[in-house]
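In: Dropping the sequence and predicted coords here.
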Amino acid sequence: MLVLILTSSDNFAGEIIHHELHVKLGPADASINVSDNVQLPAGTEKAEFSLRNTLTVKASGVELILLGESDAGRLRHYMINRLPADGKVQLTYEGKIKSDVIKKAPFDMPEAVLSTEYVYLDNASAWVPDFDNYPLYTFRLQVAAPLNWQMISQGKRSEINGSYLFDMPQPQDSVYLLGGPYQRYSTMDDGIDIGIYLFETDAVLAEKYLKTSADYLRLYSSWIGRYPYASFAVVENRWQTGYGMPSFTLLGSTVIRLPFILSTSLPHEILHNWWGNGVYVDPSEGNWSEGLTAYMSDHFSSEQQGRGSEYRRKALERYANFAAERGDFALSDFSSRHDEASQAVGYSKSLMLFHMLRTQAGDEAFNNDLREFWQRYQFSYANFTDLIQQLYPVNAPYNDDNNDGYRHFAEQWLKRKGAPEISLDDVSVDTLQDGFVLSIKISQQQPGAAYQLQMPFELTLQGKIQTEHRTIHLKEKSNLVTLKLKQRPLAVTLDPDYDVFRLLHVSERPASLGRLFGAKKQWLVLPVKASAEQISAWRQLAASWSSQYNNVELIFDNETKTLPADAAVWLLGWNNERLKDHKQYLASSSQELSGDTVTIDKKQLHADRHAVVLLDADNSRTPLGFIGADNPEVIVSLARKLPHYSSYGVLAFELPEMNNVIKQHLPVFKSSMTWKFAE
């Protein structure tokens, strides 16, 4: 996640001001005392600012007027009159910081914390005066640390007589202040102070993070431009977060110890120091930073491992499963992730947009344009169109003499809800004396106007080992393409590597947990023979999924013998009566369900030692899934775990630790995007 304070684009033209902050914390009674010497532009006669309502403020040598309150009284608004000619004013304020929780997402933390265990303050905490028309500012922060505490903020860090000093010369949109009884480990790499703050001593974990952080900082510096801050830190958090702030990332205590975080979340959050915390998001056309960051970190990592097309397929599956039918919206309306649909649009659709731009431009031009964008916009605001204009290739097929094809590209992908629905309608071959003519009919089935697309396709030709890759330019709802070939064509596949953002045809979408989670309705069929404790656990699972997907209905297995045909269905429990009539749908050449035993790839799994998840692999039928579990604690654990495995179709967990021992993607047996001829 990236924490963004989204400011109205009308305010972006303001000058940059400076805060000189001296802070004293009183963790025992949650009190704070601040002196803030503010440098406003010379000649400023009056200025307005907001501050947390629990803080009492005074201003030296000027007139301070209370204007009113907002945000249900949480903020107070002030005006300063009769500022001196040099624009300097000293504000002093003090009061209590109450830790009120704002629940926006499952892992949100309190918007402000000041206790004997921890302090966390940011722009949402309203602890630093927020001046109208001045969204960006530099600052110098000096804070007296409680005994045995480490303090964290942006900027170059130093210690002076028991206080910590942070000097931040680059314009920021928030002043972060964190602290607690941390163990600090650090190293210097290429002039960057790299640190990690842990609640407990753990030199081995610290060394892994220090080394990996240095590696990724060097990678992105060489790719985009030099890392923009004097330091970078990984900070352990009591809440299970994954937040990217300017010059540090805040990772939950459980999250930080997951081994895969070093190669997934960590590079993602490091990259946000360029995108989102280095170039700020003008949200007037949506938040572009999440998609670009995901593309250059998560997608890049998969691509380096030869799995780029698989990553893109999963991104398109996520959109099809969670956004296309219920919850879709225009990319220009994306601000942050708060559910599966918003992630599918703001991350998956967005990263596919950048992939299409890169495919059109080529790697070298795309990377050069990224570097130029960074040099032009660092520590200022940019909107989605600014970025598209920078990355849109001059030689793109839809450009014109004014080189403003990017405007249509932006309108098509930012403002328009939905996705192209591509259909390979017909393929035919005519024989000539000197070769063959291949005719390909392609249509766009989505409502509304046609998209302008560069559609890649793959040709398999008789007598040639290597397939040929070409591109079709689609401009209409119905398109006919003819090609003259020397060899007889054997097969045609549209978009074989998933390079285009589009709504996957149902035949392209393998059976997966995500297809059930994202269905218009999920029927959860409970076993009536289950114990009261088991039924309670299944109901907890249902409640958890209902809050996440808002599509869950419950029914007992004795209430109907015919399962709903218009909804995804889960059969819950080893003793579910409906397994008798439907277990054949859960069987395949590689798996079998018999009583309380499942065989997967000749490996036997038993109900007393394993929890299993099986799906009907036939994606032409209504999605059907089975969860084999009977221990109430295991069932509750599965409620939390399974949403994280949404792209998989077969799962097994070893009891009692719930270690995942099998996870498999199910295949697509026949895609409508491929047309084959008999040799």
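Out: Thanks, I have the structure now.

In: What's the separation between the residue of the chain most remote from its centre and residue 484?
Out: Centroid-distance maximum for the chain: residue 433 at 54.8 Å, with C-alpha atoms, centre = their mean. Residue 433 is 12 Å from residue 484, where distance means C-beta to C-beta, to the nearest Å. For glycine as for every other residue, the C-beta is placed from the backbone atoms N, C-alpha and C.

In: what do you get for residue 143?
Out: Applying C-beta to C-beta, the value for residue 143 to residue 484 is 73 Å.

In: same question for stretch 319-327, mean pLDDT?
Out: The predicted model assigns stretch 319-327 a mean pLDDT of 92.

In: So which bits of it are buried?
Out: 319-324, 327 (16 or more other C-beta atoms under 10 Å).

In: which two from the residues you listed end up farthest apart in space?
Out: Across the buried residues of stretch 319-327, no pair lies farther apart than 320 and 327, at 11.8 Å, counting by C-beta to C-beta.

In: re the thing from before, who's more crowded, residue 143 and residue 484?
Out: Counted by other C-beta atoms under 10 Å, residue 143 and residue 484 do not tie: residue 143 has more neighbours, with 23 against 11.

In: Is the closest residue to that one other than its chain neighbours part of a helix or strand, or is it coil?
Out: Leaving aside its chain neighbours, residue 143 sits nearest to residue 23 (4.2 Å; criterion: C-beta to C-beta, 6 or more residues apart in numbering). Going by DSSP: H, G, I helix; E, B strand; the rest coil, the secondary structure assigned to residue 23 is strand.

In: give me the beta-bridge partners of residue 23?
Out: residue 34, residue 143 (DSSP bridges).

In: just checking, it touches residue 139?
Out: No - in this structure residue 23 lies outside contact range of residue 139 using C-beta atoms under 8 Å: 11.2 Å.

In: so residue 120 touches residue 112, yeah?
Out: Yes - with contacts counted by C-beta under 8 Å, residue 120 reaches residue 112, the gap being 6.9 Å.

In: Residue ranges in the stretch 301-450 of the chain under the pLDDT threshold?
Out: For the stretch 301-450 of the chain, residues meeting the criterion pLDDT under 70 lie at 397-403.

In: hey, where'd the helices end up in it?
Out: 308-322, 340-343, 350-361, 363-377, 384-391, 405-410 (DSSP state H, counting those that start in this stretch).

In: repeat for the chain
Out: Using DSSP state H, the helices of the chain run over residues 203-223, 265-271, 289-294, 300-304, 308-322, 340-343, 350-361, 363-377, 384-391, 405-410, 513-517, 532-549, 579-582, 632-641.

In: In a markdown table, list these along with distance to residue 153.
Out: Shown next, in a markdown table, are the helices of the chain (distance: least, C-beta to C-beta, whole Å):
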| stretch | distance to residue 153 |
| --- | --- |
| helix 203-223 | 18 |
| helix 265-271 | 17 |
| helix 289-294 | 21 |
| helix 300-304 | 30 |
| helix 308-322 | 35 |
| helix 340-343 | 30 |
| helix 350-361 | 30 |
| helix 363-377 | 24 |
| helix 384-391 | 29 |
| helix 405-410 | 36 |
| helix 513-517 | 40 |
| helix 532-549 | 34 |
| helix 579-582 | 57 |
| helix 632-641 | 34 |
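
In: And those helices: which comes nearest residue 244?
Out: helix 265-271 (3.8 Å).

In: Output the contacting helices and strands for the closest one.
Out: Counting contacts by 3 or more C-beta pairs under 8 Å, 6 or more residues apart in numbering; DSSP states H and E, helix 265-271 packs against helix 203-223, strand 242-245, strand 248-252, helix 289-294.

In: Pick out the shakiest of the ones you listed, pLDDT-wise.
Out: Among the helices and strands packed on helix 265-271, strand 242-245 carries the lowest mean pLDDT (a mean of 92).

In: for that strand, packing partners?
Out: strand 248-252, helix 265-271.

In: Compare the ones you listed and report which one is nearest to residue 347.
Out: From the helices and strands packed on strand 242-245, taking C-beta to C-beta, the stretch that ends up closest is helix 265-271, at 10.3 Å.

In: Residues contacting the closest one, please?
Out: Outside of helix 265-271, the residues within contact range by C-beta atoms under 8 Å, 6 or more residues apart in numbering are 2, 209, 212-213, 216-217, 219-220, 232, 234, 242-244, 249, 251, 255, 293-294, 296-298, 301.

In: again with stretch 553-569
Out: 515-516, 519-528, 539, 542, 571, 576-578, 581-582, 622-625.

In: Please point out which parts of it sit buried.
Out: Buried, per 16+ other C-beta under 10 Å, within stretch 553-569: 554, 556-557, 563, 567-569.

In: and the end-to-end length of it?
Out: Criterion C-alpha to C-alpha, to the nearest Å; first-to-last residue distance in stretch 553-569 is 10 Å.

In: same thing with stretch 574-583?
Out: 11 Å.

In: Show me what counts as buried in that stretch.
Out: Within stretch 574-583, the residues scored as buried using 16+ other C-beta under 10 Å are 574-579, 582-583.

In: which of those lies closest to residue 49?
Out: Of all the buried residues of stretch 574-583, residue 49 sits closest to residue 576, with 61.5 Å by C-beta to C-beta.

In: The residue nearest to that closest one when sequence neighbours are not counted - how many residues pack around it?
Out: The spatially closest residue to residue 576, leaving aside those adjacent along the chain, is residue 527, at 4.4 Å (C-beta to C-beta, 6+ apart). Applying other C-beta under 10 Å, we find 22 residues neighbouring residue 527.

In: pLDDT weak spots in this protein?
Out: 1-14, 100-108, 397-403, 679.

In: Now do the same contact list for the residue nearest the centre of the chain.
Out: The residue lying closest to the centre of the chain (C-alpha atoms, centre = their mean) is residue 347, at 5.2 Å. With contacts defined as C-beta under 8 Å, 6+ apart, residue 347 is in contact with 290-291, 294, 315, 337.

In: Narrow the residues you listed to just the buried residues.
Out: Buried among the contacts of residue 347 (16+ other C-beta under 10 Å): 290-291, 294, 315, 337.

In: Would you reformat these as JSON lines and include distance to residue 79?
Out: Below are those laid out as JSON lines (distance: C-beta to C-beta, whole Å):
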{"residue": "290", "distance to residue 79": "36"}
{"residue": "291", "distance to residue 79": "40"}
{"residue": "294", "distance to residue 79": "42"}
{"residue": "315", "distance to residue 79": "48"}
{"residue": "337", "distance to residue 79": "37"}
